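> next comes the sequence, and after it the predicted model I'd like to discuss.
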Amino acid sequence: MDDRAETAGDGGPGPTLPDPAGTPAGLADRIAAKVIDTVVLLPVLIVAAVAAALGLYGLTLFVEGPLDARLFARRDPMTFGVLPLTGLLWTLLVFGYYSLTEGRTGRTVGKRVTGLRVRSVSGAAASTAQARRRNAYHLALLLAVIPEYGWPLALLVVLGLVISVVATIAGDPARRQGWHDRRGETVVVRSG
């Protein structure tokens, strides 16, 4: 709940008004929703990685000589082709999944299963723009497009961002907003 309070007839504090967005969701429920969403997304991400590998392999089979040589000259096709392309595809898929589902319905598959919903802090449905701002931290996966060191760097940065999200949610017992929620002017609430 927030710090707003009704004033009693004698000017003293009265009961606290309910949060217009709803009852804030607990950290355990939010983590469960994220795990479910990861399980849902994983097969799609694996297919994207295989498609990237097969697409680049096919390109090298059908492109003759000079272009093929320039594309991977003295470089490992996996490190300089497949992994960066996979990083780009994964970024688009993950950011798109969260932004579109939360912006259109307020719920991802994981949030639906756990009974959660993303709302604007005003209590209205979250807009797609708010969902994009809220989920912009997923764009850190773009670091994976850097050949050789991109994936380890992206994973370290994403891990740091996830830890900071969890810490800021845990540090806000009233609204349970992470820094990403504040950035999007959103709150995750129980929908039941």
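Perfect, thanks for sending it.
> give the other helices and strands that the helix or strand hosting Ala53 contacts.
Element membership for Ala53 (DSSP states H and E) is helix 27-62. For helix 27-62, the elements it packs on are helix 66-72, helix 77, helix 83-104, helix 109-114, strand 116-120, helix 150-170, judged by 3 or more CB pairs under 8 Å, 6 or more residues apart in numbering; DSSP states H and E. For every residue, glycine as well, the C-beta is placed using N, CA and C.
> any buried residues in that helix, and which?
Within helix 27-62, the residues that qualify as buried are 27, 29-30, 32-34, 36-37, 41, 45, 48-49, 52-53, 56, counting by 16 or more other CB atoms under 10 Å.
> one more: stretch 145-157?
145, 150-151, 154, 157.
> turn those residues into JSON lines, columns for pLDDT.
Shown next, in JSON lines, are those (pLDDT from 0 to 100):
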{"residue": "Val145", "pLDDT": "87"}
{"residue": "Gly150", "pLDDT": "89"}
{"residue": "Trp151", "pLDDT": "88"}
{"residue": "Ala154", "pLDDT": "92"}
{"residue": "Val157", "pLDDT": "95"}
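> determine which two of those residues are furthest apart.
Farthest-apart pair in those is Val145 and Val157; separation 13.0 Å (CB to CB).
> low pLDDT regions in the protein?
1-21, 58-80, 192 (pLDDT under 70).
> apply 80 and report the result again.
1-21, 55-82, 192 (pLDDT under 80).
> thinking again about what came up before, now flag whichever of the buried residues of helix 27-62 is closest to Leu141.
For the buried residues of helix 27-62, the nearest to Leu141 is Leu45 (10.3 Å; CB to CB).
> list the contacts of the closest one.
89-90, 93-94 (CB atoms under 8 Å, 6 or more residues apart in numbering).
> swap in Arg132?
Counted by CB under 8 Å, 6+ apart, Arg132 has contacts 95, 99, 103, 184.
> now the first one. Nearest residue, chain neighbours left out?
Nearest-residue entry for Phe95: His138, 4.5 Å, with adjacent residues in sequence omitted and distances by CB to CB, 6 or more residues apart in numbering.
> mind checking the backbone torsions on the one you found?
The phi/psi pair for His138 (degrees, to the nearest 10) reads phi -70, psi -20.
> that one: how many residues sit nearby?
His138 has 22 neighbouring residues, counting by other CB atoms under 10 Å.
> does it touch Leu92 like I think?
No - counting by CB atoms under 8 Å, His138 stays clear of Leu92, with 9.8 Å between them.
> before we move on, what SS does the nearest residue to Arg30 once chain neighbours are set aside have?
Excluding its sequence neighbours, the residue lying closest to Arg30 (CB to CB, 6+ apart) is Val188, at 5.9 Å. On the three-state scheme (DSSP: H, G, I helix; E, B strand; the rest coil), Val188 is labelled strand.
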